[in-house]
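In: Below: sequence and its predicted model.
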Amino acid sequence: METLFHSVILDKDRCVGCINCIKRCPTGAIRVRDGKANIISERCIDCAECIRICPHKAKQSRYDSLDILKKFDYTVALPPPSLYAQFNNITDKSILIEGLKAVGFDDVYEVATAAEYISAATRVFMNSTGAEFPVISNACPAVVRLIALRYPGLIPNLLPMLTPVELAGKLAKKLAVEKTGLPPERIGCIFISPCPAKVTANHSPIGLEHRVVDGSVAVKEIYPALLREMSAIGSVSGEVSALAVPPGRVGIGWGESGGESAALFSTEKYLAADGIENVIGVLEDIESKRYRGLEFVELNACPGGCVGGVLQVENPYIAKAKLNRLAKRLPENRVRLDAEVTAVVNVERTVSYDPAMELGGNAQENYERYIQLQEILAGLPGIDCGSCGAPTCEAFAEDIVKGKAIRENCVVIMREKMEQMLDAFYNHSVEKGGCDKNDNC
Ligand code: SF4
Ligand code: SF4
């Protein structure tokens with residue numbers, strides 16, 4: 001079986017098996033066995049909750065180093081809107097664009113510009129007959145993976161378009177080819193990522209046949225060099241040359257929760273939620289049809305939206321304030337959706353149900369395993385203590401059914417067994433005239 005790529009990984013040497021992470025995982029993808037955490041790859045959505053909670057920094061994110069620039073003859077940086085919010089006193093984006101060039105990129109395509117195209121295309125889509133309401137944003141890859149795993153009934157509601165990062169990658173490549181005359185494979189479009197989920201999605205795009213972004217460097221990786229270069233530059237007068245039309249407030253707003261929804265203009269029947277627990281709550285409510293008349297749902301796994309990604313450097317609340325300050329200085333919207341961009345945005349994307357949460361086998365086997373699981377579960381203490389290494393007694397019963405754990409991994413069962421053995425031992429001993437277990441002998 002092909003190994004899935006994940007940005008989120010475990011550093012085994014740092015893991016002390018404290019089980020802090022197992023209950024925070026929204027897909028039950030972590031088990032602690034033999035004193036170390038293990039991630040069940042098929043279930044991981046790279047939401048980074050385990051990175052946030054691990055007190056020993058054993059859960060980490062992998063991404064490309066800046067050395068990736070050396071692999072290409074021409075490179076284009078794809079900075080996300082939330083990147084502007086990592087620096088103090090940015091009242092003009094030009095300095096950041098110049099900074100990215102000074103760090104080593106040949107050109108820049110702002111993802112916020114692509115986000116404005118997506119907003120415009122979403123407005124058109126929402127008025128089309130093909131829209132399944134509520135339309136759910138596909139911009140957060142952790143949310144899309146979560147839907148594919150746990151809420152397959154909502155797959156038709158996902159916005160059927162490229163994400164802003166993917167669109168920026170495609171448009172940047174095309175413009176850079178036209179500008180340089182180089183073949184596409186010699187041009188590297190590199191995303192500056194705020195979170196592991198986007199690193200993973202760029203490496204293995206969900207529902208697309210080919211990747212469209214050539215690499216992902218973490219914000220925190222590039223930040224020191226960028227800050228140094230920006231400080232050296234000092235100030236820039238006016239807009240600088242970049243591959244794309246500069247974005248306005250609409251595109252920049254995508255960097256925080258609520259920005260994508262606000263850019264729809266045409267509807268107020270939207271909902272924006274952030275943080276994985278809130279996202280799950282909203283998805284469950286949509287599934288059980290609790291919202292009437294809702295037209296658009298924006299969901300971000302990170303608290304506060306992309307400003308809250310674990311690869312950022314700034315506090316998300318401060319970052320939000322900085323982003324809003326910058327946005328106020330910009331015109332509302334700068335792009336115009338033409339036929340050429342529309343054709344690129346509305347790509348065929350196939351998100352399909354991922355059965356990794358199931359017990360496996362064909363329908364009959366799945367049913368038999370389910371019955372077996374219920375029988376095992378009935379014999380477990382039901383206190384979800386986590387000391388067996390699974391997040392809940394149900395997850396532990398599932399592990400037993402799958403042959404990945406045995407009942408005796410449960411400390412309560414083990415203690416009962418020990419007590420029974422001791423009782424048997426002392427009963428036998430008393431019969432032979434020896435000590436009772438309550439005697440101090
Ligand atoms: S929180 Fe999880 S990954 Fe971190 S040390 Fe504890 S068991 Fe290991
Ligand atoms: S990244 Fe999220 S889904 Fe993956 S193991 Fe960590 S908490 Fe679970």
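Out: That came through fine. Residues are numbered from 1 along each chain as shown. Ligands and ions are numbered 1, 2, ... in the order given.
In: from here on, contacts and neighbour counts on C-alpha atoms
Out: Will do.
In: Can you get me the start-to-end distance on stretch 249-266?
Out: Stretch 249-266 has an end-to-end distance of 16 Å (CA to CA, to the nearest Å).
In: tell me the contacts of Pro80?
Out: Each residue near Pro80 by CA atoms under 8 Å, 6 or more residues apart in numbering is listed here: 110-112, 165, 191-194, 255.
In: Now the closest residue to ligand 1 within the stretch 151-300 of the chain: closest residue in space that isn't a chain neighbour?
Out: As assessed by CA to the nearest ligand atom, ligand 1 sits closest to Pro196 within the stretch 151-300 of the chain, at 16.0 Å. Leaving aside its chain neighbours, Pro196 sits nearest to Ser7 (5.3 Å; criterion: CA to CA, 6 or more residues apart in numbering).
In: From what I see, that neighbour and Asn202 are in contact.
Out: No: using CA atoms under 8 Å, Ser7 makes no contact with Asn202, being 10.3 Å away.
In: So those two - more neighbours on which side?
Out: More crowded of Ser7 and Asn202, by other CA atoms under 10 Å: Asn202, with 24 against 21.
In: Could you report the distance from that one to Asp354?
Out: 19 Å.
In: Pull the distance from stretch 73-81 to the chain's centre.
Out: Relative to its parent chain, stretch 73-81 has a centroid offset of 21 Å by CA atoms, centre = their mean, to the nearest Å.
In: wait, Pro391 sits on Ala29?
Out: No: applying CA under 8 Å as the test, Pro391 and Ala29 come out as separate, 9.0 Å apart.
In: which element is Cys47 on?
Out: Using DSSP states H and E, Cys47 is not contained in any helix or strand.
In: cool, Thr75 as well?
Out: Assigned by DSSP H and E, Thr75 belongs to strand 74-78.
In: what packs against that strand?
Out: strand 107-108, helix 164-180, strand 187-193 (3 or more CA pairs under 8 Å, 6 or more residues apart in numbering; DSSP states H and E).
In: Name the strands paired with it and say parallel or antiparallel.
Out: With DSSP bridges as the test, strand 74-78 is paired with strand 107-108 (parallel), strand 187-193 (parallel).
In: Could you look up the next helix or strand downstream of it?
Out: helix 94-103.
In: ok, back up a step: distance check, the residue of the stretch 151-300 of the chain closest to ligand 1 against Gly309.
Out: 8 Å.
In: who touches both of these two?
Out: By CA under 8 Å, 6+ apart, no residue touches both Pro196 and Gly309.
In: Please list all residues in contact with the residue in the stretch 51-200 of the chain that ligand 1 sits nearest to.
Out: The minimum distance from the stretch 51-200 of the chain to ligand 1, using CA to the nearest ligand atom, falls at Cys54 (3.8 Å). Residues counted as contacts of Cys54 (CA under 8 Å, 6+ apart) are 20-21.
In: What confidence value was assigned to it?
Out: pLDDT for Cys54: 98.
In: Next, it: phi, psi?
Out: phi -70, psi 120 (degrees, to the nearest 10).
In: Going by neighbour count, which residues of stretch 339-347 are buried?
Out: Across stretch 339-347, burial judged by 16 or more other CA atoms under 10 Å covers 341, 345-346.
In: same question, stretch 65-85
Out: Applying 16+ other CA under 10 Å to stretch 65-85 flags 66, 69, 74-85 as buried.
In: that older thread, which of the buried residues of stretch 339-347 fall in helices?
Out: 341, 345 (DSSP state H).
In: Just the closest of the buried residues of stretch 339-347 to ligand 1, please.
Out: Val345 (38.6 Å).
In: ok, Cys21 - contacts?
Out: 30, 49-50, 53-54.
In: Skip the chain neighbours and tell me the closest residue to Val240.
Out: Nearest one to Val240, counting by CA to CA, 6+ apart, is Ser94 at 5.7 Å.
In: how many neighbours does that neighbour have?
Out: There are 19 residues near Ser94, going by other CA under 10 Å.
In: quick one: the nearest residue to Gly207 once chain neighbours are set aside from ligand 2, how far?
Out: The shortest distance from Gly207 to any non-neighbouring residue, by CA to CA, 6+ apart, is to Thr350 (4.3 Å). Separation of Thr350 from ligand 2 (CA to the nearest ligand atom, to the nearest Å) stands at 21 Å.
In: With Cys54 instead?
Out: In terms of CA to the nearest ligand atom, Cys54 sits 10 Å off from ligand 2.
In: do Ser288 as well
Out: The value you get for Ser288 to ligand 2, if CA to the nearest ligand atom is used, is 23 Å.
In: show me where pLDDT drops low in the stretch 1-150 of the chain?
Out: When residues are selected by pLDDT under 70, those of the stretch 1-150 of the chain lie in 1-2.
In: confidence score at Val347?
Out: 81.
In: looking at it, it is touching Leu162, isn't it?
Out: Yes: assessed by CA under 8 Å, Val347 is found in contact with Leu162 at 6.3 Å.
In: Distance from stretch 425-434 to the middle of the chain?
Out: Using CA atoms, centre = their mean, the mean C-alpha position of stretch 425-434 is found 60 Å from that of the whole chain.
In: In the stretch 201-350 of the chain, where is pLDDT below threshold?
Out: In the stretch 201-350 of the chain (pLDDT under 70), the answer is 238-239.
In: the helices in it, which residues?
Out: Assigned by DSSP state H, counting those that start in this stretch, the helices in the stretch 201-350 of the chain fall at 219-233, 249-253, 259-262, 276-287, 316-328, 339-345.
In: Tabulate those (JSON lines), appending distance to ligand 1.
Out: Below are these laid out as JSON lines (distance: least, CA to the nearest ligand atom, whole Å):
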{"stretch": "helix 219-233", "distance to ligand 1": "21"}
{"stretch": "helix 249-253", "distance to ligand 1": "33"}
{"stretch": "helix 259-262", "distance to ligand 1": "32"}
{"stretch": "helix 276-287", "distance to ligand 1": "17"}
{"stretch": "helix 316-328", "distance to ligand 1": "23"}
{"stretch": "helix 339-345", "distance to ligand 1": "39"}
